[in-house]
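Peer 1: Provide a 3D model corresponding to the input given below.
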Amino acid sequence: MRGNQTWITEVTLLGFQVDSALEFLLFGLFSLFYTLTLLGNGVILGLICLDSRLHSPMYFFLSHLAIIDMSYASNNVPKMLANLTFLYLAFAATECLILVVMSYDRYVAICHPLHYTLIMSWRVCTVLASVSWAFSFLWDLVHLVLILKLPFCGPHEINHFFCEILSVLKLACADTWLNQMIIVASCVCILVGPLCLVLASYALILVAILRIQSAEGRRKAFSTCSSHLCVVGLFYGSAILLYMTPRSSHSQEQRKILSLFYSLFNPMLNPLIYSLRNTEVKGALGKILGKKRSV
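Peer 2: Sure, this is the predicted structure:
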């Protein structure tokens, strides 16, 4: 109790405020999306583990992306406020960094093909992936500690379908200036900085591709990068619209839709993008299905 204010310990997530018929439809639709997310990313992860042709740095990082996407989508119905705030932001930050590492992998593969196996050794890949996970969880531990120090005095409702950090901060009855500054720093370090590195990598890749004399060589090089660019565009685009644009430019309902897009739709679309535009993944799937038919 502080003055006439009572600190709250529980909140209600309002979700999408629609009538019961539409709510039933959305429940079925989101359940389908979630199932497809787990199924698609699970298939990608299984193929990478089972097919030796996919035991390369690019697919090593893609397996991490699949794990992140399954965890990401599975983390939207929490039982504890602090648990979700920590895990959700950590998975988002890890995906940002893994996408940067994947762009670096493509840069080395196309711009330095003769030294690819030396530069992208398994030791280097393991270190890059481990640092991405560790940095993201440590960075978001800062958010967790700062949020847990705040007193929350209401209202008892969050107009969102999960405990998104900006929505949670609205319930605080103390100065959240430091929290806001950490969020801005996170946007710069986790969104703007990595996106600049991705764009720089692909600028160099584009220059290298244009120097390739063979039309078939250029087509193959573009093919290996197009899937990753699609994923980068979808993820960073929706995240930047949500966190890097003025709050007044989006209503709360629009913010919820943007959050839904990069927390559920992106993880569902990623395996489709990589499988439909990747001959190696399709070949591995055909090989596994062929074995099952023969058995």
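Peer 1: and Ala215, what does it touch?
Peer 2: Residues near Ala215 by Cβ atoms under 8 Å, 6 or more residues apart in numbering: none. Bear in mind the C-beta positions are built from the backbone N, C-alpha and C, glycine included.
Peer 1: ok, now how distant is it from Gly46?
Peer 2: 35 Å (Cβ to Cβ, to the nearest Å).
Peer 1: Counting neighbours, what do you get for Val43?
Peer 2: When neighbours are defined as other Cβ atoms under 10 Å, Val43 has 17 of them.
Peer 1: Oh, that last question was meant for Asp105, not what I typed.
Peer 2: 25.
Peer 1: can you tell me the average pLDDT over the host helix or strand of it?
Peer 2: In this structure, Asp105 sits in helix 81-111 according to DSSP states H and E. The average of the pLDDT scores along helix 81-111 is 81.
Peer 1: Go ahead and measure how far that helix is from the middle of the chain.
Peer 2: Distance of helix 81-111 from its chain centroid, counting by Cα atoms, centre = their mean, to the nearest Å, is 7 Å.
Peer 1: Only C-alpha atoms, please: export stretch 260-276 in CSV.
Peer 2: Backbone C-alpha positions of stretch 260-276 (Å, rounded to 0.1, in the frame of the first residue of the first chain) are rendered in CSV as follows:
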residue,chain,number,x,y,z
LEU,A,260,0.7,-11.2,-33.3
PHE,A,261,2.4,-11.0,-36.7
TYR,A,262,5.9,-11.4,-35.5
SER,A,263,5.2,-13.7,-32.5
LEU,A,264,3.0,-16.2,-34.3
PHE,A,265,2.8,-15.5,-38.1
ASN,A,266,6.5,-15.2,-38.6
PRO,A,267,7.4,-18.4,-36.8
MET,A,268,4.7,-20.2,-38.9
LEU,A,269,5.9,-18.7,-42.2
ASN,A,270,9.7,-19.2,-41.7
PRO,A,271,9.7,-23.0,-42.3
LEU,A,272,7.5,-22.5,-45.4
ILE,A,273,9.8,-19.9,-46.8
TYR,A,274,12.9,-21.9,-46.3
SER,A,275,11.4,-25.2,-47.5
LEU,A,276,9.5,-23.8,-50.6
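Peer 1: just checking, Asp140 touches Thr94?
Peer 2: No. Using Cβ atoms under 8 Å, Asp140 is not in contact with Thr94, being 9.3 Å away.
Peer 1: Which neighbours do these two have in common?
Peer 2: In contact with both Asp140 and Thr94: no residue, using Cβ under 8 Å, 6+ apart.
Peer 1: Which one's more surrounded, the two?
Peer 2: Between Asp140 and Thr94, counted using other Cβ under 10 Å, Thr94 has the larger neighbour count: 26 against 23.
Peer 1: Leaving out sequence neighbours, find the closest residue to that one.
Peer 2: Take Thr94 and drop its neighbours on the chain: the residue closest to it by Cβ to Cβ, 6 or more residues apart in numbering is Ser136, 4.1 Å away.
Peer 1: low pLDDT regions in the stretch 151-295 of the chain?
Peer 2: Low-confidence segments of the stretch 151-295 of the chain (pLDDT under 70): 154-155, 161, 247-250, 276-277, 290-295.
Peer 1: same thing but at 80, please
Peer 2: 153-164, 167, 216-217, 220-224, 227, 242, 245-264, 274-295 (pLDDT under 80).
Peer 1: ok, which stretches of it are helices?
Peer 2: Along the stretch 151-295 of the chain, counting by DSSP state H, counting those that start in this stretch, helices occupy 165-169, 177-186, 193-210, 215-243, 252-260, 266-276, 279-294.
Peer 1: Can you tell me which of those helices is most buried?
Peer 2: Neighbour counts (mean count of other Cβ atoms under 10 Å) averaged over each of the helices of the stretch 151-295 of the chain peak at helix 266-276, with a mean of 21.
Peer 1: tell me the angle that helix makes with helix 81-111.
Peer 2: For helix 266-276 against helix 81-111, the angle by axes from the mean of the first three to the mean of the last three Cα atoms, to 10 degrees is 20 degrees.
Peer 1: by contact count, what packs against helix 266-276?
Peer 2: Under the contact criterion of 3 or more Cβ pairs under 8 Å, 6 or more residues apart in numbering; DSSP states H and E, helix 266-276 touches helix 20-50, helix 57-73, helix 215-243, helix 279-294.
Peer 1: Fine, thanks again, bye for now.
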